[in-house]
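Q: could you work out the structure for the sequence below:
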Amino acid sequence: MTAPGDPSSGRRQLLLMVSLFIVPLAAAAWLYFSSGWRPNVDVRGELIHPPRPLPAEVLRGRWFLVHPVQGACDDRCVAVLAELGQVRLALDKDAKRVRRVLLHGGECCAADIPLWDEDLLLLAATGSEGEALRAQFPPAVDGSAGIYIVDPHGNLMMSYPATGSARGLLTDLERLLRLSTIG
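A: Next comes the predicted model:
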């Protein structure tokens with residue numbers, strides 16, 4: 001038994017305190033780096049890994065919800081854009097950080113459709129540069145256009161089916177905006 005003034009007693013207490021902090025950190029590092037285990041993140045959309053940098057300079061500085069169409073914007077396209085508008089409005093104070101984009105081949109759209117407002121960018125992708133941009137947004141398996149998230153650095157990073165749930169898109173977008181300080 002050690003006396004109350006014994007220096008080895010203080011060292012043991014110090015080692016115990018240090019180990020309380022070091023052991024969990026070392027275990028977490030081991031799990032992450034050597035075992036291949038990764039925490040499960042619940043993402044509703046499909047993550048594009050690695051993110052693809054887009055050639056368009058106009059898709060920079062904000063978060064963009066891009067809906068590419070092959071021809072004119074039909075009723076289905078208008079419904080998707082309206083849904084994207086609702087997702088944007090549901091972001092509340094972060095809505096100004098997000099902009100909707102309709103990416104078309106140049107033969108788009110009637111000006112009397114009421115969805116053309118300040119947050120919707122009509123982007124005509126024509127010529128060789130436009131074709132290169134449109135090639136970055138592949139159609140879904142069923143041939144329909146999807147919805148894509150582009151980050152403020154101009155990287156294509158997530159995709160969603162156009163007929164999917166807006167709730168999943170909103171959940172992912174809220175998480176991205178909460179964790180990001182850019183855009």
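Q: ok so His49 is a strand residue?
A: Yes - assessed by DSSP: H, G, I helix; E, B strand; the rest coil, His49 belongs to a strand.
Q: what confidence value was assigned to it?
A: pLDDT recorded at His49 is 84.
Q: how near is it to Ser159?
A: Using Cβ to Cβ, to the nearest Å, His49 is found at 11 Å from Ser159. Using the backbone N, CA and C atoms, a C-beta is placed for each residue, glycine as well.
Q: for Gln136, phi and psi?
A: Dihedral pair for Gln136: phi -70, psi -20, per degrees, to the nearest 10.
Q: okay, now it: neighbour count?
A: Residues lying near Gln136 (other Cβ atoms under 10 Å) number 19.
Q: wait, what's in contact with it?
A: Gln136 is in contact with 52, 54-55, 156, counting by Cβ atoms under 8 Å, 6 or more residues apart in numbering.
Q: of His49 and Ser159, which one has the most company?
A: Higher neighbour count among His49 and Ser159: Ser159, with 18 against 8, using other Cβ under 10 Å.
Q: ok, the more buried one to Gln70 distance?
A: To Gln70, Ser159 is 16 Å away according to Cβ to Cβ.
Q: just Leu169 next, same as before
A: Look at Leu169 and Gln70: by Cβ to Cβ, they are 22 Å apart.
Q: re earlier: inside strands: which ones of the contacts of Gln136?
A: Using DSSP state E, the subset of the contacts of Gln136 located in strands is 52, 156.
Q: min pLDDT across the contacts of Gln136, which one?
A: Pro55 (86).
Q: ok, now which ones touch Met17?
A: Met17 neighbours (Cβ under 8 Å, 6+ apart): none.
Q: so where does it fall, helix or strand?
A: Taking DSSP states H and E as the definition, one finds Met17 inside helix 7-33.
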